[in-house]
Every structure is written in structure tokens, then in C-alpha cells.
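Participant: Everything below, folded, please.
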Amino acid sequence: MSESLTLDDYLPFRLAVANEAVCSRMPPHFAEFRNLAPADIWVVLTLRTHGPLAQGAIVELTRLGKVKVSRSAQLLAKQRLVRRSPHDTDARSHYLSLTPEGELLGNELGGRACEFQDLVLKALSPEETDVFCELLRRLELSAEQARIGGGAAKRRFLPAGSERAQPLRI
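Facilitator: Residues are numbered from 1 along each chain as shown. The predicted model follows:
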């Protein structure tokens, strides 16, 4: 890699710009869900995909911060979209599960998310989309391994058999 790397060629910058370009287009697409922040949507879709989870597992699966997941859990519980039950071993955490209303919302959000993704990815062929998604997963794994010095990440909260690389099914 050249020492004269420009900002436009710096991968973390490109990823941040792409993230902002995509995520800033989400609000109009999810306009009828104005009372939900993107983090709330990710929590609902994660529970829809994986079923009941500890809040820590949601943090690990989504890479949302603990505070964001906790605030989302409180908001979603207040709106009766998730059920919070005490964690077996961590008094500071809860298990979250979707209520019947939350499941209906999850189905609506899942459909809307698929429509939005199709809109964003329309510039790519199905083959390019597959390659792009695989490359993103590999970059994420590589960045995670670099963060922890080349070793495997410690998964404290994920249920047995869960893996970070498992795609969210929306």
C-alpha cells in the first residue's frame, strides 16, 4: 500500500461514507415507524431472526452499544413490543422476546427492510451482491481478529451454536 493514500482511498472512510449514504435514506422508507430509531428496528429484527436473547447477545450480534440496546429494550417494552425477563446470572441484563404485537411489527419491518435493500442494491447484479456481502463478512471478521490480536473473539452472551457470521434473516 502506498504511503500517499488519499482519504477517498482509505477503506474505513469509504465504509463510513457508504454507511451514511445508505442509512440516511432509511428514515423515509420506514416513515410509518417514526417512533422507532434504527437501533430499535435492529433489535426487533434480531429477535425476529434469533428468537429470545439476552441483551448482551443482541449487542454482539448487532454491534450496537450496550446503552443503545438497553434503551431500545426499555422503549420496546414500554410499547409492549418486547417482553423483558430477568437474566439467570446477570442482574443488570434481561432476556428479550417479541410479544405477539412485536412479531407483527417484526414481519412488517422485515418486509420493508427487504424492499429497502432491493432499492439500495439495484445497481448490483445478484452475483455482485453475493460477492459484496461475502467480502463485507470477511472484512468484518478480519477487523475483529485485528482488534483482538489475531485470536477468535470471545462470545460471552451468544447461545450455544450461534455465530456472529450467521446472517439475520429478515
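Participant: secondary structure element for R112?
Facilitator: helix 100-120 (DSSP states H and E).
Participant: Name the residues that touch that helix?
Facilitator: Residues outside helix 100-120 that contact it (CB atoms under 8 Å, 6 or more residues apart in numbering) are 22, 25-26, 29-30, 33, 41, 44-45, 47-48, 76, 80-82, 98, 170. C-beta here means a position set from N, CA and C on the backbone, and glycine is covered the same way.
Participant: so after the helix or strand containing L45, what's the next helix or strand?
Facilitator: Assessed by DSSP H and E, L45 sits inside helix 38-50. Next along the chain after helix 38-50, taking DSSP H and E as the criterion, comes strand 53-54.
Participant: Give me the buried entries from the contacts of helix 100-120.
Facilitator: Buried members of these, counted by 16 or more other CB atoms under 10 Å: 30, 33, 41, 44-45, 47-48, 76, 81-82, 98, 170.
Participant: now the lowest-mean-pLDDT helix or strand in the chain: how far from the chain's centre is it?
Facilitator: When each helix and strand of the chain is scored by mean pLDDT, DSSP states H and E, helix 26-29 comes last, with a mean of 78. Relative to its parent chain, helix 26-29 has a centroid offset of 16 Å by CA atoms, centre = their mean, to the nearest Å.
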